[in-house]
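Asker: Sequence plus the predicted model coming up.
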Amino acid sequence: MPSIRLADLAEQLDAELHGDGDIVITGVASMQSATTGHITFMVNPKYREQLGLCQASAVVMTQDDLPFAKSAALVVKNPYLTYARMAQILDTTPQPAQNIAPSAVIDATATLGSNVSVGANAVIESGVQLGDNVVIGAGCFVGKNSKIGASSRLWANVTIYHDIQIGENCLIQSSTVIGADGFGYANDRGNWVKIPQLGRVIIGDRVEIGACTTIDRGALDDTVIGNGVIIDNQCQIAHNVVIGDNTAVAGGVIMAGSLKIGRYCMIGAPA
């Protein structure tokens with residue numbers, strides 16, 4: 001379990017400390033569930049009344065809310081952003097062993113950087129390039145000549161087809177499929193003739209993709225996902241789609257082929 005002195009946490013978060021800096025923080029919790037050792041956060045003044053009942057050792061809040069504090073406090077301008085950063089510091093997500101599982105199948109022509117982890121029963125085909133600190137989860141498949149940049153992570157059972165490029169510091173959740181054929185067919189007097197999908201999928205840096213999402217390869221040109229894009233679970237990104245940098249795509253969104261999305265867009269599916 002991670003732990004940190006409140007004063008040290010305040011310094012890392014560039015927050016103004018009010019109270020005992022020697023308090024040891026062991027986790028992040030909601031205002032309702034927090035107990036001793038937890039730090040929580042308040043993003044809306046309507047929750048001020050809950051501070052009297054909150055059992056957290058410290059609360060992240062704005063200057064305007066400080067008079068209502070009943071415990072130690074970290075004062076910041078943006079409590080929700082600070083919550084994200086302190087959750088990273090106190091993250092309890094299991095870290096993979098930096099080794100190659102005996103049951104992993106790795107082609108002799110694949111290139112692995114330093115500190116690469118490959119889980120049980122994963123398959124790495126010929127010509128694959130894995131950057132430093134890449135994590136390939138159990139049961140993953142990485143197809144021929146695909147490239148995965150440094151410090152990217154694939155959770156279990158992700159499928160990466162051939163000739164796919166994934167940038168650095170990407171996170172891909174379980175059972176996502178990247179690079180399957182797009183839905184391309186020509187009609188010959190009532191019979192469907194398959195069009196081979198000859199493009200690729202190009203994914204930038206710092207991209208996060210949720211579980212069970214599918215991103216099809218391009219028909220001729222590439223399907224492109226820009227830097228900093230976040231895509232939720234169970235989305236379908238069809239062939240030749242281009243998504244601009246730092247766009248957010250919520251769960252269940254379906255994008256038709258050749259759709260062009262700009263930068264910094266926010267896209268949601270019907271509720």
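Answerer: Right, received. Where do you want to start? Note that the structure is a prediction, hence the values are computed from the model and not measured. Numbering: from 1, shown residues only.
Asker: Roughly how far does residue 19 sit from residue 56?
Answerer: The gap separating residue 19 from residue 56 is 12 Å, by C-beta to C-beta, to the nearest Å. All C-beta atoms are positioned from the backbone trio N, CA, C, and that covers glycine.
Asker: The residue nearest the centre of the chain bridge partners, please.
Answerer: Nearest residue to the geometric centre of the chain (C-alpha atoms, centre = their mean): residue 208, 3.3 Å. With DSSP bridges as the criterion, residue 208 is bridged to residue 171, residue 230.
Asker: wait, it sits on residue 230?
Answerer: Yes. The pair residue 208 / residue 230 is scored as a contact, 4.8 Å apart, by C-beta atoms under 8 Å.
Asker: so how far is stretch 104-115 off the chain centroid?
Answerer: 24 Å (C-alpha atoms, centre = their mean, to the nearest Å).
Asker: for that stretch, which positions count as buried?
Answerer: 104, 106, 110, 112 (16 or more other C-beta atoms under 10 Å).
Asker: now could you export just the CA positions of that stretch as CSV?
Answerer: C-alpha atoms of stretch 104-115 as CSV (Å, rounded to 0.1, in the frame of the first residue of the first chain):
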residue,chain,number,x,y,z
ALA,A,104,4.9,-16.4,-24.3
VAL,A,105,5.6,-16.9,-28.0
ILE,A,106,8.0,-14.3,-29.4
ASP,A,107,9.3,-14.5,-33.0
ALA,A,108,13.1,-14.4,-33.2
THR,A,109,12.9,-11.3,-35.5
ALA,A,110,10.9,-9.3,-33.0
THR,A,111,12.8,-6.4,-31.3
LEU,A,112,12.2,-5.8,-27.6
GLY,A,113,13.5,-2.8,-25.7
SER,A,114,14.7,-2.8,-22.1
ASN,A,115,12.5,-3.7,-19.2
